[in-house]
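1. This is a predicted model, with the sequence first.
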Amino acid sequence: MELFISVFAALFSVLNPLGTVPVFVGLTKDDTKHNRDKTSLWTSINVCIILLISFFAGKYVLNFFGISINSLRVAGGLIIATSGFALLTGSFTKHKGMKRASVQADLETRSEVSLTPLAIPMLAGPGSISLLITYNQTFDNQQQHLLSVCAIIAVCLVIYLILRTSHFIVKALGASGINAISRIIGFIVIAIGVEYVSSAVQEILKIKN
């Protein structure tokens, strides 16, 4: 149970679905409730598929490119920490590239937003993908893998619930409330990234010694 909670908490923090709420509301403000619910569902399904593929197929990508798990931890930790700083400073949307003119122009003509930009890159980005690849390499038995998969599915269910009620969340918390929660999550995400980098460096030093 501790493993499930640990993976769930880390993945939820890195994905930060609350930070996606303002973007979701902006993209679906002219949609009917039925279409918003449909977009919420497909976004969570897309995220789940991306995360599961990353968890199970990521190690083969590492082997193909000859990347060690410690190198991935350092790179992933830096990406996660950078995302945390973006949350902490309130520049998460800009950090995900949502402020680029080309992205904004694409959004004006795109009718389906569940895959991009919501699932990628707003939710399932390099940070969460590298985190799951690391978990797959770290956990060495089927029970741990099963618990990790359950945690991934649970996070995606929470994402669906958050996105489906996003318009109510915005009304209840307001922009300031969402920003405050995102900053707290950002601090946790930075700590996760630093922990991954420090543990990888310690392992590298042990190998050299």
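-> Noted; the coordinates are in hand. Residues are numbered from 1 along each chain as shown.
2. need the contact list for the closest residue to residue 69 other than its chain neighbours.
-> Spatially, and ignoring its direct neighbours in sequence, residue 69 is nearest to residue 137 (4.6 Å; Cβ to Cβ, 6 or more residues apart in numbering). Glycine gets a C-beta too; all of them are placed from N, C-alpha and C. The contact partners of residue 137, taken as Cβ atoms under 8 Å, 6 or more residues apart in numbering, are 59, 62, 69, 72.
3. Inside helices: which ones of these?
-> 59, 62, 69, 72 (DSSP state H).
4. can you list the residues you listed in JSON lines and add neighbour count?
-> Shown next, in JSON lines, are the ones in helices among the contacts of residue 137 (neighbours: other Cβ atoms under 10 Å):
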{"residue": "59", "neighbour count": "16"}
{"residue": "62", "neighbour count": "18"}
{"residue": "69", "neighbour count": "16"}
{"residue": "72", "neighbour count": "21"}
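5. how about these in CSV, adding pLDDT and distance to residue 4?
-> Formatted as CSV, the ones in helices among the contacts of residue 137 follow (pLDDT from 0 to 100; distance: Cβ to Cβ, whole Å):
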residue, pLDDT, distance to residue 4
59, 79, 21
62, 81, 24
69, 79, 22
72, 82, 23
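6. now, which of these sits nearest residue 18?
-> residue 72 (26.9 Å; Cβ to Cβ).
7. Surely the closest one touches residue 134?
-> Yes. Applying Cβ atoms under 8 Å, one finds residue 72 in contact with residue 134, separated by 6.0 Å.
8. circling back to that earlier point, the residue nearest to residue 69: helix or strand, and which one exactly?
-> In this assignment (DSSP states H and E), residue 137 forms part of helix 126-138.
9. Output that helix in CSV, but only the C-alpha positions, please.
-> Extracted in CSV, the C-alpha atoms of helix 126-138 (Å, rounded to 0.1, in the frame of the first residue of the first chain):
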residue,chain,number,x,y,z
PRO,A,126,8.8,14.4,-20.2
GLY,A,127,8.8,14.6,-16.4
SER,A,128,6.1,12.0,-15.9
ILE,A,129,7.4,9.8,-18.7
SER,A,130,10.9,9.7,-17.2
LEU,A,131,9.5,9.1,-13.8
LEU,A,132,7.6,6.0,-14.9
ILE,A,133,10.6,4.7,-16.8
THR,A,134,12.6,5.0,-13.7
TYR,A,135,10.0,3.2,-11.6
ASN,A,136,9.9,0.3,-14.1
GLN,A,137,13.6,-0.1,-13.9
THR,A,138,13.6,0.3,-10.1
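10. which parts of that helix are buried?
-> Within helix 126-138, the residues that count as buried by 16 or more other Cβ atoms under 10 Å are 126, 127, 128, 129, 130, 131, 132, 133, 134, 135, 136, 137.
11. And for stretch 29-39?
-> Judged by neighbour count (16+ other Cβ under 10 Å), stretch 29-39 contains these buried residues: 36, 38, 39.
12. got TSV for those, with secondary structure and pLDDT too?
-> Converted to TSV, the buried residues of stretch 29-39 look like this (DSSP: H, G, I helix; E, B strand; the rest coil; pLDDT from 0 to 100):
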residue	secondary structure	pLDDT
36	helix	90
38	helix	92
39	helix	92
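13. Considering those, which is situated nearest to residue 167?
-> Residue 167 has its nearest neighbour among these in residue 36, at 7.4 Å by Cβ to Cβ.
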